[in-house]
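J.: Pasting a predicted model and its sequence here:
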Amino acid sequence: MPSPSAPALALHDVSKRYGRRWALARLTYALPAGRSLLLTGHNGSGKTTLLRLVATALSPTAGRVEVLGRDAVTDREGVRRDVALLSHASFLYEDLTALQNLTILARLLGIPSPEDAAGALLTRVGLTRRTDSPVRGFSAGMRKRLAIARLLMKTPAIALLDEPFGELDPQGIRDMEGIIAELKASGATVVLATHLVEQGMTLCEERLHLQDGRAVAA
Ligand SMILES: Nc1ncnc2c1ncn2[C@@H]1O[C@H](COP(=O)(O)OP(=O)(O)OP(=O)(O)O)[C@@H](O)[C@H]1O
């Protein structure tokens, strides 16, 4: 069971190695419940690796990752119910329309009136005009908008956002800021990895800066 008093996220001496390269090295950190985290660092500093560990897409080489008090390795299914990852890979059905992609997800999640829920979310992310277009023809920014709609459909307790502003136009960036603020207002914890530090600082109360897989002062 998730523990109400547990930190949203706790990293206990976490390391991750790919082959001979250490992407994360002995990282210890706790994100208090109710706070959101800005994750910064240069290219290759380990941000995506950390988000994927929390999302249970990867397992640590050493150490322990806990999400709301649950171990991300031994209670993978439990953690997966609580987290959703917005990542570079968007997991979309290319031949289906935006509406069909979201409707399928709504059905899988057991959401009532799946097509209505999908339509409402497409409006929220500014994709109304492309509702019935196959995803195959979508631009990178449109894919990003559809990917955030997928995440919102899941209403996760913890939203892991890997470069959510990437590929978005200025209006898209403002829309994404609004969506992140709404996610937080609805009680979700946000972990935001971005190079847009200014935007991130206005949205998050905590900051973790990585350098070569280690936490350092920003
Ligand atoms: N699948 C993989 N196989 C081998 N090495 C990897 C793999 N994924 C990441 N790495 C390495 O791990 C280190 C951390 O990468 P990671 O993608 O976590 O960094 P990042 O901070 O998210 O970078 P960016 O800002 O460019 O997205 C890098 O040295 C990278 O080359």
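T.: Structure received. Every value quoted in this text rests on a predicted model; they were computed, and no experiment measured them. Residues are numbered from 1 along each chain as shown.

J.: what are the ranges of the helices in this protein?
T.: Taking DSSP state H, the helices of the chain run over residues 47-54, 76-82, 98-108, 114-124, 140-154, 170-185, 197-203.

J.: and the angle from the longest one to helix 140-154?
T.: Which is helix 170-185. 10 degrees (axes from the mean of the first three to the mean of the last three C-alpha atoms, to 10 degrees).

J.: Make CSV from the helices of the chain and add distance to G63, mean pLDDT and mean neighbour count to it.
T.: In short, each C-beta sits where N, CA and C put it, glycine included. Below are the helices of the chain laid out as CSV (distance: least, C-beta to C-beta, whole Å; pLDDT from 0 to 100; neighbours: other C-beta atoms under 10 Å):
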stretch, distance to G63, mean pLDDT, mean neighbour count
helix 47-54, 9, 97, 24
helix 76-82, 15, 96, 15
helix 98-108, 32, 96, 20
helix 114-124, 36, 96, 18
helix 140-154, 27, 93, 21
helix 170-185, 28, 92, 16
helix 197-203, 25, 93, 15
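
J.: Between these, which one is closest to the ligand.
T.: Of all the helices of the chain, helix 47-54 sits nearest to the ligand, with 3.2 Å by C-beta to the nearest ligand atom.

J.: need the contact list for the residue nearest the centre of the chain.
T.: Nearest to the centroid of the C-alpha atoms of the chain, with distances taken as C-alpha atoms, centre = their mean, sits L160, at 2.1 Å. Residues near L160 by C-beta atoms under 8 Å, 6 or more residues apart in numbering: 51, 54-55, 83-87, 191, 193.

J.: Of those residues, keep whichever come out buried.
T.: Buried members of the contacts of L160, counted by 16 or more other C-beta atoms under 10 Å: 51, 54-55, 83-87, 191, 193.

J.: Write out the residues of the chain neighbouring the ligand.
T.: Contact residues, the chain versus the ligand (C-beta under 6 Å from any ligand atom): 18, 21, 23, 41, 43-49.

J.: In strands, which of the contacts of L160 appear?
T.: 83-86, 191, 193 (DSSP state E).

J.: Dig out what L161 forms beta bridges with.
T.: Following DSSP bridges, L161 is listed with bridge partners L86, L192.

J.: Tell me which residues touch it, please.
T.: Contacts of L161 (C-beta under 8 Å, 6+ apart): 86, 151, 180, 190-194.

J.: what does G166 give?
T.: Contacts of G166 by C-beta under 8 Å, 6+ apart are K144.

J.: is L39 in a bridge, and if so with what?
T.: A193, L208.

J.: Give the burial count for it, as a bare number.
T.: Residues within reach of L39, counting by other C-beta atoms under 10 Å, total 25.

J.: Hmm, it is touching T48, no?
T.: No. L39 lies out of contact with T48 (C-beta atoms under 8 Å); the separation is 9.5 Å.

J.: intersection of neighbour lists for the two?
T.: A193.

J.: what's the spacing between T56 and A30?
T.: 19 Å (C-beta to C-beta, to the nearest Å).

J.: Next: T128.
T.: Here the criterion is C-beta to C-beta. By it, T128 lies 41 Å from A30.

J.: circling back: quick one: which of the contacts of L161 is nearest the ligand?
T.: Scanning these for proximity to the ligand, where the rule is C-beta to the nearest ligand atom, the winner is A193, at 6.6 Å.
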